[in-house]
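Engineer: can't give you the sequence, but here's the structure:
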């Protein structure tokens with residue numbers, strides 16, 4: 001269950017990272033409130049997952065899920081470049097996440 005919470009926490013990290021773009025420097029009230037809510041949920045779920053997972057693994061997976069998800073949504077939503085090097089680098093992050101899961105005692 002901790003792994004599920006950790007991945008969901010990472011997905012909420014994606015939500016708040018993308019949400020930051022829509023807040024326009026926290027000048028738009030609704031996107032700002034939703035972004036702050038996503039930040040809160042993300043960190044709370046990370047904390048719960050860390051009760052039974054190692055801190056280094058938890059944090060690395062949380063950041064990895066957030067980074068990959070945010071980069072992919074940046075490509076889809078904002079037309080950011082999807083070069084082969086960029087996609088290969090995201091693949092390496094995913095491989096690292098999988099490796100951490102496989103090497104984790106929990």
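Structural biologist: Perfect, I can see it now. Here the structure is a predicted model, which is why all the values come from computation and not from measurement.
Engineer: Helices of this protein, start to end?
Structural biologist: Assigned by DSSP state H, the chain shows helices spanning 2-23, 29-49, 55-78, 84-103.
Engineer: Next one: the nearest residue to residue 21 once chain neighbours are set aside, what pLDDT does it get?
Structural biologist: Take residue 21 and drop its neighbours on the chain: the residue closest to it by CB to CB, 6 or more residues apart in numbering is residue 78, 7.3 Å away. All C-beta spots, glycine's among them, are computed from the backbone N, C-alpha and C. Note for residue 78: predicted pLDDT of 95.
Engineer: roughly how far apart are the closest residue to residue 41 other than its chain neighbours and residue 44?
Structural biologist: For residue 41, ignoring the flanking residues on the chain, the nearest one in space by CB to CB, 6+ apart is residue 12 at 4.8 Å. Residue 12 sits 9 Å away from residue 44, going by CB to CB, to the nearest Å.
Engineer: more neighbours, the two?
Structural biologist: Taking neighbours as other CB atoms under 10 Å, residue 12 and residue 44 compare with residue 12 leading, 25 against 13.
Engineer: need the contact list for the spatially most central residue of the chain.
Structural biologist: Compute the mean C-alpha point of the chain, and by CA atoms, centre = their mean the closest residue is residue 66, 1.7 Å away. The contact partners of residue 66, taken as CB atoms under 8 Å, 6 or more residues apart in numbering, are 10, 13-14, 17.
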